[in-house]
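# 3D model of this:
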Amino acid sequence: MSKAITTDRLISLDALRGFVMFWIMSGEHIMHALAKAVPIPVFIWMSSQLHHAEWNGITFYDMIFPIFLFVAGVSMPYSFEKKMNLAGVKTPRELPSKEKKKIYRSMLKRTCILLFLGFVVNGLLRFDGFDQTRFASVLGRIGLAWFFAGLIYLNFNLKSQLLWFTGILAGYYLAMKFIPVPDFGAGVLTKEGSLEGYIDRLFLPGRLHSTVYDPEGLFSTIPAVATALLGVFLGTFLKTNNHFSSGNKLAVMILAAIVLIGIGVIWDYDFPINKHLWTSSFVCFVGGFSILFFTFFYLVIDLLGFHKWAFPLLLIGSNSILIYIAAEGLVDFAHTAQYLFGGIIKFTPLIWQPVFTALSITFVQLLLLYFLYKKRWFLKV
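A predicted model of the protein is given here:
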């Protein structure tokens, strides 16, 4: 735990991180219960958006993970700023090799911690046996994608970073479309027939999430690096283009988002938007929406100064890894909520009880996060 929170980053980053994490920790359960209690079209639609697409296609829930990874990328230029200032350089490429080695060690340590925490979330400490342990994880992918995006950011200029981004997406597309899979051939983008699934079955140890493939598998982590790089590009743009007015910055971000969404839609015809495979079209499409979400939070919070409304999101965003791990099973929030509010909830109409139960769980989670925030305790990975 760390007793200090970084102050040199955008407040909107923590708010956006908290917004997407809210739906994972308990927000989805509130909306599903609300859609059953009040089955009006808007609630039913919102509830439907809080499920993953079965295969091809996209829902809001499919965007949560890449937005979180995108935000990690936006943070990168800000997190390295202090080191660059101390070294008296303007770009990370100019950092002395001794300083870079320190950064590499720190990055590798962070990645290893995230990999281990991912194993824990997957049940490593249940000791079910090597073959029953799932080694791929959300936290592991965040760590790996952030690490390799960081290596690219530290060692290449912006033009070369853009070439890396393009090369990753194009290379992944060509590999998935043209490298044949035994018994299936090339370009079969199904769970069993995709190159991504084949590589998982061949090289990923332990248990796969979906038997024949893993949505956080080995090969599909490569395009996730491009998702992190998109965040790096945005963070770099905000930091280095101080001669741009706020209005011009917003215009550039919105234009970039529209272009990326357009590329994703067009590419979808040949390489379907698919979160499970983390396709190149998925990276572009969700990358565009990630920029739009960030633009809204950046405008309202950082530019216009309206941030009081976002305080609950800041509580979540400032301890997002901790609440993710806790909500994934390490802490029984439902038991605590039932102990505190179960008696009261029993007196509410039966149809509303699941709604109030879900709200009580969120309240308990926010109480924990508020306590940690007031104590200045943050899980810093």
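# Wait, a strand at Phe119?
No. Read with DSSP: H, G, I helix; E, B strand; the rest coil, Phe119 is helix and lies in no strand.
# begin at 32 from here
Sure thing, new numbering starts at 32, so read that last one as Phe150.
# contacting residues around it?
164, 166, 168, 171 (CB atoms under 8 Å, 6 or more residues apart in numbering). The way it works is simple: take the backbone N, C-alpha and C, and place the C-beta from them, glycine included.
# What segments of the stretch 182-331 of the chain are helices?
Counting by DSSP state H, counting those that start in this stretch, the stretch 182-331 of the chain forms helices over residues 189-209, 226-234, 252-271, 277-298, 311-328, given from the N-terminal end onward.
# quick revisit: from the contacts of Phe150, which land in helices?
Secondary structure defined by DSSP state H assigns Gly171 of those to helices.
# Redo the contacts of Phe150 as a markdown table? Include pLDDT.
Formatted as a markdown table, the entries for the contacts of Phe150 read as follows, by pLDDT from 0 to 100:
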| residue | pLDDT |
| --- | --- |
| Thr164 | 84 |
| Phe166 | 90 |
| Ser168 | 93 |
| Gly171 | 95 |
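# Can you select the buried ones among the contacts of Phe150 for me in PyMOL?
Applying 16 or more other CB atoms under 10 Å to the contacts of Phe150 leaves a buried subset, and the PyMOL line that selects it is:
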select buried, resi 164+166+168+171
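# Between the contacts of Phe150, which sits nearest Met56?
Ser168 (16.7 Å; CB to CB).
# so Phe378, which of the three states?
State at Phe378, reduced to three classes by three-state DSSP: coil.
# by contact count, what packs against the one helix or strand Leu65 maps to?
Under DSSP states H and E, the secondary-structure element containing Leu65 is helix 59-68. Using 3 or more CB pairs under 8 Å, 6 or more residues apart in numbering; DSSP states H and E as the contact criterion, the neighbours of helix 59-68 among helices and strands are helix 72-79, helix 384-405.
# Quickly compare those and say which is most buried.
When the helices and strands packed on helix 59-68 are scored by mean count of other CB atoms under 10 Å, the highest mean neighbour count falls to helix 384-405 (a mean of 18).
# Point out the other helices and strands that it packs with.
On a contact count with 3+ CB pairs under 8 Å, 6+ apart, helix 384-405 meets helix 59-68, helix 342-349, helix 351-356, helix 364-376.
# residue contacts, the closest residue in space to Met77 that isn't next to it in sequence?
Using CB to CB, 6 or more residues apart in numbering and skipping residues adjacent in sequence, the residue nearest Met77 is Met62, 5.3 Å away. If a contact means CB under 8 Å, 6+ apart, then Met62 has 74, 77-78, 81 as its contacts.
# swap in Gly171?
Counting by CB under 8 Å, 6+ apart, Gly171 touches 145-146, 149-150, 247.
# Val152 versus that one, what's the distance?
From Gly171 across to Val152, the span is 9 Å (CB to CB, to the nearest Å).
# if I look at the nearest residue to Phe187 once chain neighbours are set aside, how far off is Ser321?
Here the nearest residue to Phe187 in space, its sequence neighbours aside, is Trp195; by CB to CB, 6+ apart that works out to 6.6 Å. Spatial separation of Trp195 from Ser321 under the definition CB to CB is 18 Å.
# ok, those two, which is more surrounded?
Set side by side, Trp195 and Ser321 give different neighbour counts by other CB atoms under 10 Å, the larger being at Ser321 (28 against 20).
# Quick check: chain neighbours aside, which residue is closest to that one?
Spatial nearest neighbour of Ser321, chain neighbours left out: Phe101 (4.1 Å); criterion: CB to CB, 6+ apart.
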